[in-house]
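Novice: got a sequence here, can you build the structure:
(chains A, B, C and D)
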2 protein chains.
Amino acid sequence: MGNQPKKRADARRNEVSLLDAAAAAFVTSGVDAPVRDIAAKAGVGVGTIYRHFPTRADLIVAVYRHQVEACAEAGPILLAGNSSPHKALAEWIDLFVDFLVTKHGLAGALQSDNAAFQTLHAYFLDRLVPVCGQLLDAAVAAGEIKAGLQPVTLMRGVGNLCIGASNNPDYNARQLVDLLIAGLRH
Amino acid sequence: MGNQPKKRADARRNEVSLLDAAAAAFVTSGVDAPVRDIAAKAGVGVGTIYRHFPTRADLIVAVYRHQVEACAEAGPILLAGNSSPHKALAEWIDLFVDFLVTKHGLAGALQSDNAAFQTLHAYFLDRLVPVCGQLLDAAVAAGEIKAGLQPVTLMRGVGNLCIGASNNPDYNARQLVDLLIAGLRH
DNA sequence: AACAATACGGAACCGTGTTCCGTTTAGCAA
DNA sequence: TTGCTAAACGGAACACGGTTCCGTATTGTT
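Specialist: Predicted coordinates:
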């Protein structure tokens, strides 16, 4: 670590401008906010975006990395603080749903088969699937749920259930997720 | 009924050409197949597509109407032929999943908030939600499941779970749907 | 055969992602 | 300070797909 080849000061400045602008744009227009809008809001040209974040996924990952990390780290903590692994799993999934539901379009982007979102996909799965697997295993070991569900499937399923949750009052993603988790019980 | 203002013969011909071409394109490229491709395959200009099917949703609905009708009609039949309404519901949902999983991108289009898909949304929901509600009510009445789940929520949830199922071997949409339905039980 | 209504084709337009290259600027060294 | 070079920038230009529009062609009728 620490082997950054000394980026220029203006480059560093523009990078944070872009992150700020992207975060703001994502809130108002969702993660599909037009590249030009983000560039304008950051006061840079579109070329600069692509130089710093070659794909949209890179930008999204950069913006949400902190929150994803926090979610990943919460897994073991919930497991340790709960006598029931199934309960810990439910609470952890709840955190994940909280995260997704408040990000317009993120859940959709997460499952898009578009090549540009490959990195996004990979990052989320790499970081969260192991945590999910740990919780799932613990619940199986405790005899609370049946085995046979791949962590990756569960993660994708929960992600999918959250699609469109932010712009559709008569759709209750959380209720469905709860039912899904309930369905895991013996 | 039968009050069509006598469309011209060439118009009728083009309409079936378009439906055939669209059905073929949907199979190979998904329901997001480029308009120009469909027009070319049908041997007509793009203007002709828009004249016959003002929005993409109209085209999709026209292509899949038969199958949706069949699914809707299967609901009451399954209910009548099953002693357990919950089992009937599970089987009906299974039919719906079969339908969705084999249509590239349809599940995604179904929940898109894009205005062009409004009609699609409306058609599917209008046709299937009542059927789903009937099955759900019967299962509640039989004391098999708990009340409180809106039919529309269930339909959307199942639709969401099917997103991306056709192009991702390590994602098992049906397993998740089964868990969801299982979670409904008392 | 002539005509009006209907339908057609595809060029043109628009919005968005992406690339490319001439210009500017930061950092360094004389 | 002043050059100089590599790094970084900006935005025009291109690609691509949806959508519109209007001059032209076809149908059906009189």
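
Novice: domain ranges for chain A?
Specialist: A:1-54, A:56-186 (automatic domain parsing).

Novice: does the helix or strand of chain A with the lowest mean pLDDT come close to chain B?
Specialist: Scoring the helices and strands of chain A by mean pLDDT, DSSP states H and E places helix A:106-111 at the bottom, with a mean of 94. Yes - counting by C-beta under 8 Å from any C-beta of the partner chain, chain B has neighbours in helix A:106-111: A:Gly108, A:Gln111. Every residue, glycine included, has its C-beta placed from N, CA and C.

Novice: looking at the domains of chain A, which is buried most?
Specialist: Using mean count of other C-beta atoms under 10 Å in any protein chain shown, the stretch among the domains of chain A with the largest mean neighbour count is domain A:56-186, at a mean of 18.

Novice: how long is that one end to end?
Specialist: Across domain A:56-186, the terminal residues are separated by 41 Å (C-alpha to C-alpha, to the nearest Å).

Novice: how far does that domain sit from the chain's center?
Specialist: 8 Å (C-alpha atoms, centre = their mean, to the nearest Å).

Novice: so which residue of chain A comes closest to DNA strand D?
Specialist: A:Gly47 (2.0 Å; C-beta to the nearest atom of the strand).

Novice: same list (the domains of chain A) but as CSV, adding distance to B:Asp94.
Specialist: Output for these, formatted as CSV (distance: least, C-beta to C-beta, whole Å):
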stretch, distance to B:Asp94
domain A:1-54, 33
domain A:56-186, 15
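
Novice: and chain A, which residues reach DNA strand D?
Specialist: Within chain A, the positions adjacent to DNA strand D are A:7-8, A:10-11, A:14, A:43-48, A:50-52 by C-beta under 7 Å from any atom of the strand.

Novice: could you rerun that using 6 Å?
Specialist: Counting by C-beta under 6 Å from any atom of the strand, the positions of chain A adjacent to DNA strand D are A:Lys7, A:Arg8, A:Asp10, A:Ala11, A:Asn14, A:Val44, A:Gly45, A:Val46, A:Gly47, A:Thr48, A:Arg51.

Novice: out of the residues you listed, which comes closest to A:Gly75?
Specialist: Among the residues of chain A next to DNA strand D, A:Lys7 lies closest to A:Gly75 (C-beta to C-beta), at 33.4 Å.

Novice: the closest one in helix, strand or coil?
Specialist: Using DSSP: H, G, I helix; E, B strand; the rest coil, the structure places A:Lys7 in coil.

Novice: residues touching it, list them.
Specialist: Contact partners of A:Lys7, counting by C-beta atoms under 8 Å, 6 or more residues apart in numbering or on different chains, are A:Glu15.

Novice: pull the contacting residues for the closest residue in space to A:Gly164 that isn't next to it in sequence.
Specialist: Nearest non-adjacent residue to A:Gly164, counting by C-beta to C-beta, 6 or more residues apart in numbering or on different chains: B:Gln111, 4.6 Å away. By C-beta under 8 Å, 6+ apart, B:Gln111 lies in contact with A:Ile163, A:Gly164, B:His121, B:Arg156, B:Gly159, B:Asn160, B:Ile163.

Novice: and for A:Asp32, nearest residue in space, chain neighbours not counted?
Specialist: A:Gly105 (5.2 Å).

Novice: mind pulling up the pLDDT for that neighbour?
Specialist: pLDDT for A:Gly105: 95.

Novice: re earlier: now name the helix or strand holding the residue of chain A closest to DNA strand D.
Specialist: Element membership for A:Gly47 (DSSP states H and E) is helix A:46-52.

Novice: of the residues of chain A next to DNA strand D, which is the nearest to chain B?
Specialist: Of all these, A:Val46 has the smallest distance to chain B: 24.2 Å, by C-beta to the nearest C-beta.

Novice: quick one: what helix or strand has the closest residue to A:Ala147 other than its chain neighbours in it?
Specialist: Excluding the flanking residues, the one nearest A:Ala147 by C-beta to C-beta, 6+ apart is A:Val140, at 4.8 Å. Assigned by DSSP H and E, A:Val140 falls within helix A:118-141.

Novice: give me the average confidence score over that helix.
Specialist: 97.

Novice: with stretch A:20-31 instead?
Specialist: In the prediction, stretch A:20-31 has an average pLDDT of 97.
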